[in-house]
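Novice: Dropping the sequence and predicted coords here.
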Amino acid sequence: MGSKTLFKWSKQITSLQVGQLIKAEKDLQKALIIFDSATAEYTNGFRHDHSTFGLMISRLVSANQFRSAEAMLDRMREEKCSITEDIFLSVCRGYARVHRPLDSVRVFDKMEDFLCKPTEKSYITIFGILVEENQLKVAFRFYKYMRRTGIPASVVSLNILIKALCKNSSSMDAAVRIFREMPDHGCTPDSYTYGTLINGLCKLGKIGEAKELFHEMGTKDCLPSVVTYTCLIRGLCQSNNLDEAVELFEEMKCKGINLNVFTYSSLMDGFCKGGRSSEAMELLDLMVSKRHLPNMVTYSTLLHGLCQEGKLQEALEILDKMKLQGLKPDAGQYGKLITGFCNVSKFQEAANFLDEMVLGGISPNRLTWSLHVRIHNAVVQGLCLSGNLARAFQLYLSMRTRGFSIDVETFDTLVKYICKKGDLHKAYRIVDEMVLDGCVPDYGIWNVVVEGFWDRTKVREPAELLHAELMSELADE
């Protein structure tokens, strides 16, 4: 009833009017009210068509309301409204966006039940989704089914097939073979074909073959895209061909190819791994001057390179730039910086950054957890060696609270240095916690603790007096 009062439609209500209102309304629930209020006009002769249904389905898919979107498809069938291929594909692409490729296939399989015969466009869309989502076994089966159905080989479908084969080292040769056979199917490889193969070869370290294909592109009037250049630059950097990578970078600039953040970051990574972080910093300045904003990968690359070379002040400046740009450093980036401080024995600074992580709510994930276990243990040991025992014990307690495992060497170092300081009760507590953690103290740890208690005057003097009395009694006998 509310929908009828919200909208007073003219007697000449049209699908165009309804569609324009649905498009203009940003709120999904209100868009549904518009749609339903138009449905109420069925008694006046109005009918939703594929355009209004299609718009509503698209809005539902964008909001990840897939069940409602599929219910709308069923309603279209009930109302004998023609369903276009594009409406089905919008649902398939929506499922792909949220990484549910098998649901994309399920919706594709329903098309003929709705009297919508899939064309080559639909087959290629589903094939591409399966490859993109790494459902390779299903993708290869689907490709064979597609060919049996009578869908001819095309540049687009063969490009997707080559991309799938490039994902595994074992099928790389098959990718190259299909590439060479493309003309036999009446298909001429395009820039995307070459780029896909070059990327696959670079990932496998086959830089020589990748370079040959790159040069072949020029003879076939195929212009390399920025993506192809970037893949080759990254491959050259990873294979320590840094000078060639720089030449390629300069070639891009000379040809007026618009470099992107990935191009800059790839070359920066090469500079940093080659111990040339100063050139990477120059590249950062050039990148910013061209109005390309660095991303998390760019900053991680620079942090790693600068810390490896001991340029900690510059690394701190990079961290500040990240924060000013609104990017929040993650546990991996903090790990690089803290490791840099540990490498130059600046353990107090390292501990401060561990505190900053805690205050910022930054925790290691599954990939960086083991790195941070090593870092925390190294910092505790370093603080002990540098005489900052209070700070070392504080960090030790933080480790226990946060669930970081403590190395036997860290226990050993803490106990020895705390005993030397004379805080035996604290040392005994650490030994007790060590045993609770399933670590068995070795002879050295027990020896240090026992010697610590022995050196206490209240223990030593009565023991020496008792020893003297016993010796005297033995002498009297």
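Specialist: Here it is on my side, so go on.

Novice: I figured residue 341 was touching residue 354, is that so?
Specialist: No - counting by C-beta atoms under 8 Å, residue 341 sits too far from residue 354 to count as a contact (10.1 Å). C-beta: built from backbone N, CA, C; applies to glycine.

Novice: If you count surrounding residues, which of those two has more?
Specialist: Higher neighbour count among residue 341 and residue 354: residue 341, with 24 against 21, using other C-beta atoms under 10 Å.

Novice: Please tell me how far the more buried one sits from residue 117.
Specialist: If you measure residue 341 against residue 117 using C-beta to C-beta, to the nearest Å, the figure is 65 Å.

Novice: Just after whichever helix or strand residue 215 is part of, pick out the following helix or strand.
Specialist: Under the criterion DSSP states H and E, the helix or strand holding residue 215 is helix 207-219. The first helix or strand that comes after helix 207-219 along the chain, using DSSP H and E, is helix 226-238.

Novice: So which bits of that next one are buried?
Specialist: Buried residues in helix 226-238, counted by 16 or more other C-beta atoms under 10 Å: 227, 228, 229, 230, 231, 232, 233, 234, 235, 236, 237, 238.

Novice: quick check: mean pLDDT across that helix?
Specialist: For helix 226-238, mean pLDDT is 94.

Novice: Tell me which other helices or strands it touches.
Specialist: helix 191-203, helix 207-219, helix 242-254, helix 261-273 (3 or more C-beta pairs under 8 Å, 6 or more residues apart in numbering; DSSP states H and E).

Novice: Would you mind giving those helices as CSV with mean neighbour count, distance to residue 130 and mean pLDDT added?
Specialist: Listed next are these as CSV, based on neighbours: other C-beta atoms under 10 Å; distance: least, C-beta to C-beta, whole Å; pLDDT from 0 to 100:
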stretch, mean neighbour count, distance to residue 130, mean pLDDT
helix 191-203, 23, 16, 94
helix 207-219, 15, 25, 93
helix 242-254, 16, 33, 94
helix 261-273, 23, 25, 95
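
Novice: Need these in JSON lines (columns: distance to residue 311).
Specialist: Output for the helices and strands packed on helix 226-238, formatted as JSON lines (distance: least, C-beta to C-beta, whole Å):
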{"stretch": "helix 191-203", "distance to residue 311": "29"}
{"stretch": "helix 207-219", "distance to residue 311": "29"}
{"stretch": "helix 242-254", "distance to residue 311": "19"}
{"stretch": "helix 261-273", "distance to residue 311": "11"}
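
Novice: on that earlier part again, tell me the one of the buried residues of helix 226-238 nearest residue 301?
Specialist: The nearest member of the buried residues of helix 226-238 to residue 301, counting by C-beta to C-beta, is residue 237 at 10.5 Å.

Novice: My read is that the closest one contacts residue 268, right?
Specialist: No - using C-beta under 8 Å, residue 237 makes no contact with residue 268, being 9.1 Å away.

Novice: Could you check how far the residue nearest to residue 274 when sequence neighbours are not counted is from residue 282?
Specialist: For residue 274, ignoring the flanking residues on the chain, the nearest one in space by C-beta to C-beta, 6 or more residues apart in numbering is residue 242 at 5.1 Å. Plainly put, residue 242 is 14 Å away from residue 282 if you go by C-beta to C-beta.

Novice: Equivalent analysis for residue 87, please.
Specialist: Where residue 282 is concerned, residue 87 sits at a distance of 52 Å (C-beta to C-beta).

Novice: and if you look at residue 354?
Specialist: Computed as C-beta to C-beta, the residue 354 to residue 282 distance reads 32 Å.

Novice: now residue 55
Specialist: 51 Å.

Novice: Which of the two has more residues huddled nearby?
Specialist: residue 55 (21 against 13).

Novice: Can you name the residues that contact the more buried one?
Specialist: 19, 22, 23 (C-beta atoms under 8 Å, 6 or more residues apart in numbering).

Novice: secondary structure class for it?
Specialist: helix (DSSP: H, G, I helix; E, B strand; the rest coil).

Novice: How about residue 118?
Specialist: Going by three-state DSSP: residue 118 is coil.

Novice: Relative to residue 73, how far out is the closest residue in space to it that isn't next to it in sequence?
Specialist: Among residues not flanking residue 118 along the chain, residue 111 sits closest, at 5.0 Å (C-beta to C-beta, 6+ apart). Per C-beta to C-beta, residue 111 is found 10 Å from residue 73.

Novice: Between these two, which contacts overlap?
Specialist: Going by C-beta under 8 Å, 6+ apart, residues that sit against residue 111 and also against residue 73 are residue 88.

Novice: before we move on, the earlier item: for the helix holding residue 215, give me every contacting residue.
Specialist: 176, 191, 194, 197-198, 201-202, 223-224, 228, 231-232, 235-236, 239, 241.

Novice: do the same with stretch 262-271
Specialist: Contacts of stretch 262-271 (C-beta under 8 Å, 6+ apart): 226, 229-230, 233-234, 236-238, 242, 245-246, 249, 252, 277, 279-280, 283-284, 286-287, 292, 294-295, 297-298, 301-302, 305.

Novice: do that again at 7 Å, thanks
Specialist: 226, 229-230, 233-234, 237, 242, 245, 249, 277, 279-280, 283-284, 287, 292, 297-298, 301-302, 305 (C-beta atoms under 7 Å, 6 or more residues apart in numbering).

Novice: Can you give the distance of it from its chain's centre?
Specialist: 18 Å (C-alpha atoms, centre = their mean, to the nearest Å).

Novice: residues near residue 78, how many?
Specialist: 8.

Novice: Quickly name whichever of the contacts of residue 55 is closest to residue 359.
Specialist: Closest to residue 359, out of all of the contacts of residue 55 and judged by C-beta to C-beta, is residue 23, at 46.0 Å.

Novice: Contacts for the helix or strand harbouring that closest one next, please.
Specialist: Per DSSP H and E, residue 23 falls inside helix 15-24. Residues outside helix 15-24 that contact it (C-beta under 7 Å, 6+ apart): 31, 34, 35, 38, 49, 51, 52, 55, 56, 59.

Novice: what about the helix or strand just after that helix, average pLDDT?
Specialist: Scanning forward in sequence from helix 15-24, with DSSP H and E defining helices and strands, the next element found is helix 28-39. Taken as a whole, helix 28-39 has an average pLDDT of 90.

Novice: how distant is helix 28-39 from the center of its chain?
Specialist: Centre to centre, stretch against its chain (C-alpha atoms, centre = their mean), the figure for helix 28-39 is 38 Å.

Novice: and that helix, what other elements does it pack with?
Specialist: helix 2-6, helix 15-24, helix 50-62 (3 or more C-beta pairs under 7 Å, 6 or more residues apart in numbering; DSSP states H and E).

Novice: that older thread, from residue 89, how far out is the residue nearest to residue 118?
Specialist: 9 Å.

Novice: Need the residues touching each of the two.
Specialist: residue 122.

Novice: Any chance of the helices and strands packed on helix 28-39 in a markdown table with distance to residue 131 and mean pLDDT as columns?
Specialist: A markdown table is the format used below for the helices and strands packed on helix 28-39 (distance: least, C-beta to C-beta, whole Å; pLDDT from 0 to 100):
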| stretch | distance to residue 131 | mean pLDDT |
| --- | --- | --- |
| helix 2-6 | 43 | 45 |
| helix 15-24 | 33 | 89 |
| helix 50-62 | 21 | 94 |
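
Novice: Compare those and give me the one nearest residue 425.
Specialist: Across the helices and strands packed on helix 28-39, closest to residue 425 is helix 50-62 (C-beta to C-beta), at 63.3 Å.

Novice: Show me what counts as buried in the helix or strand just after that closest one.
Specialist: Next helix or strand after helix 50-62 toward the C-terminus (DSSP H and E): helix 66-78. Using 16+ other C-beta under 10 Å as the test for burial, helix 66-78 gives 66, 68, 69, 70, 72, 73, 76.
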